[in-house]
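Participant: curious how this folds, go ahead:
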Amino acid sequence: MHELLDVQGMQRRITGYAERRESASELPKGAGAVLREVFLRGEIIRGEVARLIAASPRTAQTMTGELLKQGLLLSDSPKGPLRLGFPASAAGSYFPNLFPAGAD
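Facilitator: Model (predicted):
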């Protein structure tokens, strides 16, 4: 199970996934930094997003909304802390050993 999940490489896979989606203009710039930090810390408060991406609170709010909409971040309330989501669309990138090659 440890080899299938490859938890040690998870940070790299999450960041790589976000960077590919950023390059394709499917995610806002800086999304990788936010997802990486949430992965490392378990959760972050919403106000941290602006600091992480060195942007205005409004830009951070827009990014947070997009990441929540895509299921890459989760929160229990509109003002609650953010935690990492694992949407099916990211499964092939996050857990490549659990899904057939090329699954996205």
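Participant: in this protein, where is pLDDT below threshold?
Facilitator: Low-confidence segments of the chain, defined by pLDDT under 70: 1-7, 99-104.
Participant: find the centremost residue of it, please.
Facilitator: For the chain, Leu35 is the residue whose C-alpha lies nearest the centre (CA atoms, centre = their mean; 3.4 Å).
Participant: and the helices in this protein?
Facilitator: 2-5, 10-23, 31-41, 48-53, 57-69, 91-94 (DSSP state H).
Participant: what's the third one packed up against?
Facilitator: In this case it means helix 31-41. helix 10-23, helix 48-53, helix 57-69, strand 73-74, strand 83-84 (3 or more CB pairs under 8 Å, 6 or more residues apart in numbering; DSSP states H and E). (Each C-beta comes from the backbone N, C-alpha and C, glycine too.)
Participant: let's see that with 6 Å instead.
Facilitator: Helices and strands touching helix 31-41, by 3 or more CB pairs under 6 Å, 6 or more residues apart in numbering; DSSP states H and E, are helix 10-23, helix 48-53.
Participant: just the buried residues of the last one, please?
Facilitator: Buried residues in helix 48-53, counted by 16 or more other CB atoms under 10 Å: Glu48, Val49, Ala50, Leu52, Ile53.
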